[in-house]
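*Asks:* structure, please.
(2 chains)
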2 protein chains.
Amino acid sequence: MSEPSHQGVVAIIPMLVCRDGAAEIAFCTAAFGAVERSRRSGADGSVIHATLSIGLQLLFIHGEVDVLASRGPQPDGTSPVVIYLYVDDADRVIDQAVRAGATILRPAADQPWGDRVGRIMDPAGHVWNVAGRIAKEL
Amino acid sequence: MSEPSHQGVVAIIPMLVCRDGAAEIAFCTAAFGAVERSRRSGADGSVIHATLSIGLQLLFIHGEVDVLASRGPQPDGTSPVVIYLYVDDADRVIDQAVRAGATILRPAADQPWGDRVGRIMDPAGHVWNVAGRIAKEL
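*Replies:* I've put the predicted structure just below:
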């Protein structure tokens, strides 16, 4: 795997903190076709850290651990970071995500900024905008 | 600007929800050298949505709005999504971020997975792992 940080290159990878990291990996696999690249688990088998890829993009999953303050989101759509996921066919991916356990916060609709986008909450409480481009230019 | 979603390509862009979007844009500019690509503001001048770039990576900033449940993070390090930011020199960028108002949650240290990484909280309460690679191979 190539290095994420060559000279002069920046990478931004969201790390989703979850009470149940294994369930989140299973959800991302079923909903978005994510591929599990690595997984590190604790003595009790719970996921500490995992690396997923969705297409060419990386995503980290992290468990709740005592030494870090990070905690999974409240399951009410208030999560302070929304993961904007651009895909070829937002409607198809939203359907897959719902079958994998997501709930729809806002149904897919065409938006004036050139995206067709729906907002979903995954079983862990993380919020995703699943979007496809409908305009060639803004 | 090229399209974010060509056929078969996926893009993941974290959208940071903030009570004061303008302050977050100023922070990201000073701390990370972010460039403001677009900004949409409400009638009261508050930021609804902005697009920033850090290197080749995009980042969205979003205000708190009535029609969406998303709210800015609690300023206690518990935010459920950590933004993992790979840069050339983590120590230098952490210093810049602190000068721009961030607080250090965990000082930069070499980690067994091949990153030198420090964890900071920005003035809005968003949590960042600022990291550089120290190992050529894991």
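*Asks:* please count neighbours and contacts with C-alpha atoms only from this point.
*Replies:* Will do.
*Asks:* and the spatially most central residue of chain A, which of the three is it?
*Replies:* For chain A, the residue sitting closest to the mean C-alpha position, by Cα atoms, centre = their mean, is residue A:83 at 5.9 Å. Here residue A:83 is strand, with the state taken from DSSP: H, G, I helix; E, B strand; the rest coil.
*Asks:* contacts only, for it.
*Replies:* Each residue near residue A:83 by Cα atoms under 8 Å, 6 or more residues apart in numbering or on different chains is listed here: A:14, A:127-129, B:12-15.
*Asks:* okay, it: pLDDT?
*Replies:* Looking at residue A:83, its pLDDT reads 98.
*Asks:* show me what it is bridged to.
*Replies:* Assessed by DSSP bridges, residue A:83 has beta-bridge partners residue A:128, residue B:14.
*Asks:* if I look at it, how far off is residue A:43?
*Replies:* For residue A:83, the distance to residue A:43 (Cα to Cα, to the nearest Å) stands at 30 Å.
*Asks:* could you do residue A:115 as well?
*Replies:* 44 Å.
*Asks:* which of the two has more neighbours?
*Replies:* Legend: neighbour count by other Cα atoms under 10 Å in any protein chain shown for residue A:115 and residue A:43, higher for residue A:115 (21 against 7).
*Asks:* next, the buried residues of the top helix by length along chain A.
*Replies:* Counting residues, the longest helix in chain A under DSSP state H turns out to be helix A:21-32. Buried residues in helix A:21-32, counted by 16 or more other Cα atoms under 10 Å in any protein chain shown: A:21-22, A:24-25, A:27-32.
*Asks:* avg pLDDT for that helix?
*Replies:* Across helix A:21-32, the average pLDDT comes to 98.
*Asks:* tell me the buried residues in the helix or strand just after it?
*Replies:* Scanning forward in sequence from helix A:21-32 by DSSP states H and E, the next helix or strand is strand A:35-41. Buried residues in strand A:35-41, counted by 16+ other Cα under 10 Å: A:35-36, A:39.
*Asks:* again with stretch A:128-137
*Replies:* Applying 16+ other Cα under 10 Å to stretch A:128-137 flags A:128-134 as buried.
*Asks:* same question for stretch A:54-63.
*Replies:* Neighbour-count burial for stretch A:54-63 [16+ other Cα under 10 Å]: A:54-55, A:57-63.
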